[in-house]
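> generate coordinates for the sequence data below:
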Amino acid sequence: MDVGSSNTAANENTVSTEYFDVVIVGAGLSGVGAACHLQEKCPGKSYVILESRESMGGTWDLFRYPGVRSDSDMHTLGYNFKPWLDSKAIADGPAILKYVRETAAEHDVEPHIRYRHHVSAANWSTDEATWTIAVHREDTGETDLIRCNLMLVCAGYYRYEQGHTPEFAGRDNFSGDIVHPQHWPEDLEYRGKKVVVIGSGATAVTLVPEMAKDVEHIVMLQRSPTYIFSQPDIDIIANVLRKILPQKTAYAITRWKNVTIQQFMYGQTRKRPDRSKRFLLRRVRKELGKDYDVAKHFTPTYNPWDQRLCLVPNSDLFAAIRSGKASVVTDEIETFTRRGILLKSGQELEADIIVTATGLDLLVLGGVEFVVDGQPVDFADTFTYKGVMSSDVPNLVSTFGYINASWTLRADLIAEFFCRVVNHMDAGGHQQCTPRLRDQDRDMPKRPWIIGFSSGYIQRVLGRLPKQGDHAPWTNPQDYVRDKKMFRDAPVEDGVLVFSNPVASKNCA
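Residues are numbered from 1 along each chain as shown. Below you'll find the model as predicted:
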C-alpha cells in the first residue's frame with residue numbers, strides 16, 4: 001500500500017506493520033498529557049506515541065540556552081490533573097522537563113513511547129476506516145507502517161531541526177561565533193565576552209539578563225520594540241494556599257485565579273488598547289527612570305497583544321540594563337562585519353558572539369504529508385472545525401494552544417474533546433468522524449486561521465494553515481472560557497461532525 005508521495009511510500013526497507021486504536025504524534029508537554037487523558041477516559045484503547053527525537057519533553061528537552069524558562073505561570077502551563085508544586089510559578093526549563101517526566105512516570109506513559117520514530121506520511125482509507133502511517137526509524141533507517149483508527153497530532157508548532165534565521169548580509173565576514181538559541185552549543189564560552197543578541201522576543205529577553213551575569217557586555221539589538229512586563233516568579237497566594245488546603249484544591253483555585261487574571265488583562269487590551277499601552281509603558285518607565293528613552297526602545301507601533309507580550313520575572317531584564325551590563329539598541333542591520341554588526345545608522349556593534357534569537361520556523365501538523373482516499377490534503381484549502389479538525393479530513397485531531405494564554409490550557413481541553421469523540425464513536429458503533437460543510441456553510445468567507453495577531457512566526461505560514469469561517473463551529477476560538485463550554489459541554493454530534501461506519505456499509509453492500 002502506498003503511503004503519501006513516492007519518497008515516503010512503503011518499500012523494501014519496510015520492516016513491520018502494527019495496529020493501534022490511537023496514534024499520538026509527539027511526546028512533548030501536549031503528547032504526554034494527551035496520553036494521560038486517553039488512559040483515564042478511554043481505558044480500553046490501545047495507543048502508541050511516536051516521537052522523532054531521542055527523548056520526551058519536546059521544547060523543554062530541546063532548548064538548552066542560558067536561562068531557558070516558561071513565559072507563562074506553571075499553574076496554567078501545567079496539566080489540569082497534576083498540580084504544580086514548586087514554589088516558583090515562572091519555572092526554568094529543567095524544572096518543567098522534570099514535571100513532564102514525572103507525569104509520564106506516574107501514569108506509566110513511557111512504555112507507549114517510541115523514540116526516534118519520525119512520522120513522514122499518513123494515508124486514510126475510508127474503505128478500511130484506517131490511517132496507515134509511514135514512520136521513518138531514525139535509529140535503523142528503516143520504515144515501519146503503523147495503522148490506526150484515529151490520529152492525535154501533538155507535534156507542537158515549529159520545526160525542531162532548525163529555527164528561523166533571516167539572510168544577513170556579510171554573515172561569513174564575522175570572525176566570532178554565530179548561534180541560534182534552538183541549537184545552543186554545550187561548550188560555548190561567553191564569560192567575559194561581548195555579545196549581541198538579535199531579537200526582542202521571549203527568547204531574547206530571557207537570554208540577555210542571564211548572560212549579563214557573566215559577559216563583559218551584552219546588547220539586545222531589535223528592529224522594533226516589544227511590549228514587556230514584569231511579575232514575580234513566585235506566586236505568594238499559591239504557596240499560601242498549598243499550606244492550608246489539599247494540593248489539588250489549592251492548585252485548582254490558583255489555576256482559576258490566574259486564568260481569570262489572564263482573560264481580564266487580555267480583554268482589556270482588546271477593549272481599551274490605548275489605556276493598556278499607557279499602563280505597560282508606565283511600568284517600564286518606573287523600572288528604567290525618566291531619562292531612559294522608553295519611547296524608542298520599549299514602545300511598539302502595534303497595540304498590546306497584537307503580538308504576544310513578553311514576560312520578564314522579577315524585573316531581571318530591567319535590572320541588567322540598569323546595571324550597565326546590558327543595553328538595548330533599536331536599529332536595522334546593514335551587514336555583518338569581521339568585528340560585529342554594522343547598523344544602518346552607521347553605528348558598529350562589536351561582538352565576540354552573535355546570537356540570532358530571530359524566532360521559530362512554524363510547521364503545519366508536524367510536516368506530515370496527509371492523503372485521504374488517494375487525494376493529497378492541502379490544509380490551506382480546508383476549513384478548521386473548532387480549531388482542532390479540518391473539513392473533509394476524517395479521524396484527525398491536532399493540538400495547537402493559545403496565542404494569548406498558556407499552551408496547556410487548550411491542550412488539556414483538546415485531549416478531553418478527543419476522548420469524548422472516541423467514546424461517542426464506540427457508543428454508536430462508528431468508525432469514522434469527519435467535519436463536513438453544510439449547505440449553509442459553503443459560502444462562508446475564508447478568514448485567516450489566526451486573526452488579529454501579527455507575530456512573524458504566524459504570519460510567515462498563515463497561507464498554509466486551514467481557514468476560518470465566520471460562524472461556529474468553523475472558527476478557531478482563542479477564548480478559554482468559551483472553549484471550555486465548547487469542548488466539554490457542547491454535543492459531540494452537532495450535524496457538522498459526521499459519524500459513520502463505512503466498513504459496515506461496504507460489507508452490507
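> low-confidence ranges in the chain?
For the chain, applying pLDDT under 70 flags the ranges 1-16, 504-509.
> mind listing what's buried in the longest helix along it?
Longest helix in the chain by number of residues (criterion: DSSP state H): helix 247-271. Neighbour counts over helix 247-271 (16 or more other C-beta atoms under 10 Å) mark 250-255, 257-259, 262, 265-266, 269 as buried. No exception for glycine: its C-beta is placed from N, CA and C like everyone else's.
> including distance to residue 225, could the residues you listed go into a markdown table?
Formatted as a markdown table, the buried residues of helix 247-271 follow (distance: C-beta to C-beta, whole Å):
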| residue | distance to residue 225 |
| --- | --- |
| 250 | 38 |
| 251 | 36 |
| 252 | 37 |
| 253 | 36 |
| 254 | 32 |
| 255 | 32 |
| 257 | 30 |
| 258 | 26 |
| 259 | 28 |
| 262 | 22 |
| 265 | 19 |
| 266 | 20 |
| 269 | 16 |
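> mind checking which helix or strand the residue nearest to residue 430 when sequence neighbours are not counted is in?
For residue 430, ignoring the flanking residues on the chain, the nearest one in space by C-beta to C-beta, 6 or more residues apart in numbering is residue 499 at 4.2 Å. For residue 499, the host element (DSSP states H and E) is strand 497-500.
> parallel or antiparallel, list what pairs with that strand.
When pairing is defined by DSSP bridges, strand 497-500 lines up against strand 432-435 (antiparallel).
> contacting residues around the next helix or strand after the partner strand?
Later in the chain than strand 432-435, the nearest helix or strand by DSSP H and E is helix 456-459. Here helix 456-459 makes contact (C-beta atoms under 8 Å, 6 or more residues apart in numbering) with 158, 164, 359, 360, 361, 362, 403, 450.
> chain center to the next helix or strand after helix 456-459: distance?
Where DSSP H and E defines the elements, the next helix or strand beyond helix 456-459 is helix 480-488. With C-alpha atoms, centre = their mean, to the nearest Å as the basis, helix 480-488 stands 19 Å off its chain's centre.
> for stretch 320-336, same thing?
Relative to the chain's own centre, stretch 320-336 is displaced by 28 Å; criterion: C-alpha atoms, centre = their mean.
> widest-spaced pair of the buried residues of helix 247-271?
250 and 269 (29.0 Å; C-beta to C-beta).
> count the residues that sit near residue 87.
13 (other C-beta atoms under 10 Å).
> residues contacting it?
With C-beta under 8 Å, 6+ apart, residue 87 has these contacts: 234, 239.
> SS state for residue 412?
helix (DSSP: H, G, I helix; E, B strand; the rest coil).
> before we move on, the earlier item: who are the packing partners of the very next helix or strand once past the longest helix of the chain?
Towards the C-terminus, the helix or strand next in line after helix 247-271, according to DSSP H and E, is helix 273-288. In terms of contacts (3 or more C-beta pairs under 8 Å, 6 or more residues apart in numbering; DSSP states H and E), helix 273-288 is packed against strand 228-231, helix 247-271, helix 294-297, helix 316-323.
> dump these into a markdown table; add distance to residue 329 as well.
Listed next are the helices and strands packed on helix 273-288 as a markdown table, based on distance: least, C-beta to C-beta, whole Å:
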| stretch | distance to residue 329 |
| --- | --- |
| strand 228-231 | 15 |
| helix 247-271 | 27 |
| helix 294-297 | 8 |
| helix 316-323 | 12 |
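> nearest to residue 468, of those?
Judging these by C-beta to C-beta, what sits closest to residue 468 is helix 247-271, at 17.4 Å.
> which strands or helices does that closest one pack on?
In terms of contacts (3+ C-beta pairs under 8 Å, 6+ apart), helix 247-271 is packed against helix 74-77, helix 236-244, helix 273-288, helix 480-488.
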